[in-house]
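Asks: What follows is a predicted structure for the sequence shown.
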Amino acid sequence: MAPALSPAPLPRAFYRRDPRVVAPELLNKVLVVRERSGRIVEVEAYAGAEDPGSHAFRGPTPRNASMFGPPGLLYVYRSYGIHWCANAVCGDEGVGVAVLLRALAPLTGLDGMRAARPGTARDRDLCSGPGRLCQALGLTGAHDGADLVTAEGGPFLADDGTAPPAAPANTTRVGLTRGAAHPWRWYVPGDPNVSRGRPSALPGARGVR
DNA sequence: ACCGGGATGTTCT
DNA sequence: GAACATCCCGGTG
């Protein structure tokens, strides 16, 4: 049995919508992986077949298969051969849209996060990037396709009663060349845990400030 | 503070 | 072969 105080996973209907609607609503929700958890402070939406920046742009492949599964699955992929990045699958099954989780404010299990990211001096750098948060929470390719709704002891997303920011910051996405003009990144203004990646279409601009 | 480059594996041209 | 939804480290100002 789950502890009584642990928030319930978000229902599948939450995810079964356009990722550009889901993404800003995911701000201030909580990602839980065993004893480690963090509040989502930065996200990006990937809009599938209409979005050249999306892994799903050219249709299903072995790598992106879970993006085409039911909404509420976790899509984890390897980035630059080194890092793992985690997405919440959105929309209807078979569509291939998702929200990339880019940064968290650490909430619980900080000791485990520090152990998973040795050499990280400041707690604000534990989860301040898509690769960093996966490393801190121990998310890997083994979690690709996990169901965030039924959870079953695995990772899940929950609402702990904190509303999304009334006026989230909104910029273009980080690190893209294709689809770079779309303003599909959102973050909690002023939160120190937001990554410092800079928006693709605004050279010289700061991602956080 | 702001760069530039390297690591490393998977996908695509 | 090149590109890549990144991160870290070491240069320089």
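Replies: Yes, it's here.

Asks: Tell me the residues of chain A that contact DNA strand B?
Replies: Chain A comes close to DNA strand B at residues A:Arg58, A:Thr61, A:Pro62, A:Arg63, A:Arg78, A:Tyr80, A:Gly81, A:Ile82, A:Gly204, A:Arg206, as judged by C-beta under 7 Å from any atom of the strand. Quick note: C-beta positions are derived from backbone N, CA and C, even for glycine.

Asks: Between all of those, which two are separated the most?
Replies: Checking those against each other with C-beta to C-beta, the farthest-apart pair comes out as A:Pro62 and A:Gly204, at 37.7 Å.

Asks: mind listing what A:Val76 touches?
Replies: Residues near A:Val76 by C-beta atoms under 8 Å, 6 or more residues apart in numbering: A:Ser66, A:Trp84, A:Cys85, A:Ala86, A:Asn87, A:Cys134, A:Leu139, A:Thr140, A:Gly141, A:His143, A:Asp144.

Asks: near DNA strand C, from those?
Replies: A:Cys85, A:Asn87.

Asks: hmm, back to that, now the residues of chain A next to DNA strand B in a markdown table, with secondary structure, pLDDT and neighbour count?
Replies: As requested, the residues of chain A next to DNA strand B are exported to a markdown table (DSSP: H, G, I helix; E, B strand; the rest coil; pLDDT from 0 to 100; neighbours: other C-beta atoms under 10 Å):
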| residue | secondary structure | pLDDT | neighbour count |
| --- | --- | --- | --- |
| A:Arg58 | coil | 90 | 11 |
| A:Thr61 | coil | 90 | 11 |
| A:Pro62 | coil | 90 | 5 |
| A:Arg63 | coil | 93 | 13 |
| A:Arg78 | strand | 94 | 15 |
| A:Tyr80 | coil | 92 | 8 |
| A:Gly81 | coil | 90 | 5 |
| A:Ile82 | coil | 91 | 8 |
| A:Gly204 | coil | 41 | 6 |
| A:Arg206 | coil | 41 | 11 |
